[in-house]
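Enquirer: sequence first, then the predicted structure, then my questions.
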Amino acid sequence: MNLILLGAPGAGKGTQATKIAERYGLIHISTGDIFRANIKNGTEIGKLAKSYIDKGELVPDEVTCAIVKDRLTWEDVAKSNGYLLDGFPRNLFQAEELDKFAKLDGVVNINIDFKLLMDRLCGRRVCKECGESYHVSTLNGATTCARCGGELYQRKDDNPETVGSRLKVYEEQTAPLIDYYTKKGIILNVTGTEAPAEVLFEQVKALLDDLAKRA
């Protein structure tokens, strides 16, 4: 089962990706992880990507597509039940290129109100030590991590201006993918809310269990 996971920043894709991959035996493929691995290993394509990153520029779509295409040939993918793409494709060009070298079974799309995302991201606090994430609404004034005691802080990009900009980019570039995959008949829509991640995963699981039966 080969899947894509779509959703705006703060929609909870990371948590859902982990749960989906574990339940269905899929390889979770994050473009960020692929970039870091190629750069660390000094591959040719990694060097090319790094040349753009070092200049503060976006990695061109062609390079991103080439890195993903290469990742899908790795042995772990061949031995698994499939893969879950997270963070790719980000726009229609990447989606059309992906169609040339991959066959998808479904696209899980997390729909969520942007106002909720703004509150979720701007209210996020992260532990400097272990990376555990909290929301100010549940901290009751606490400034240290309940897990390890580390100091909590607000990321620089978790402010209204930056979050608003990220959501605008998503709406302009990535949201059109929903129409693209809806027309292909493989979109699987779920609704994100303030409820725990487990509640959202129940929606995801119901859709994917049905997809697996029809496969």
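Expert: Arrived safely, thanks for sending.
Enquirer: so what's the closest residue to residue 80 other than its chain neighbours up against?
Expert: Closest residue in space to residue 80, ignoring its immediate chain neighbours: residue 27 at 4.8 Å, by C-beta to C-beta, 6 or more residues apart in numbering. (Each C-beta comes from the backbone N, C-alpha and C, glycine too.) Contact partners of residue 27, counting by C-beta atoms under 8 Å, 6 or more residues apart in numbering, are 21, 76, 77, 80, 82, 83, 84.
Enquirer: again, only using 6 Å
Expert: Neighbour list for residue 27: 76, 77, 80, 83 [criterion: C-beta atoms under 6 Å, 6 or more residues apart in numbering].
Enquirer: number of nearby residues for the last one?
Expert: Just to be clear, that refers to residue 83. 22 (other C-beta atoms under 10 Å).
Enquirer: check the gap between the residue of the chain positioned farthest from its centre and residue 134 for me.
Expert: Distance to the chain centre peaks in the chain at residue 141, reaching 30.0 Å (criterion: C-alpha atoms, centre = their mean). According to C-beta to C-beta, to the nearest Å, residue 141 and residue 134 sit 12 Å apart.
Enquirer: re earlier: now the residue farthest from the centre of the chain: which helix or strand?
Expert: If you go by DSSP states H and E, residue 141 is not part of any helix or strand.
Enquirer: distance of it relative to residue 190?
Expert: Where residue 190 is concerned, residue 141 sits at a distance of 33 Å (C-beta to C-beta).
Enquirer: same check, this time on residue 40
Expert: Relative to residue 190, and taking C-beta to C-beta, residue 40 is found at 34 Å.
Enquirer: which of these two has more neighbours?
Expert: When residue 40 and residue 190 are compared for neighbours, residue 190 comes out ahead with 21 against 10, by other C-beta under 10 Å.
Enquirer: that's a strand at the more buried one, yeah?
Expert: Yes: looking at residue 190 with DSSP: H, G, I helix; E, B strand; the rest coil, it is inside a strand.
Enquirer: and it, bridged to which residues?
Expert: Residue 190 has the following beta-bridge partners by DSSP bridges: residue 110.
Enquirer: show me the domain layout of the chain.
Expert: By the assignment in automatic domain parsing, the chain contains the domains 3-114+162-214, 124-157.
Enquirer: how long is the longest one end to end?
Expert: Using C-alpha to C-alpha, to the nearest Å, the end-to-end distance of domain 3-114+162-214 comes out at 15 Å.
Enquirer: equivalent analysis for the last one, please.
Expert: Using C-alpha to C-alpha, one end of domain 124-157 lies 11 Å from the other.
Enquirer: and that domain, what's buried?
Expert: 124, 125, 126, 127, 134, 145, 150, 152 (16 or more other C-beta atoms under 10 Å).
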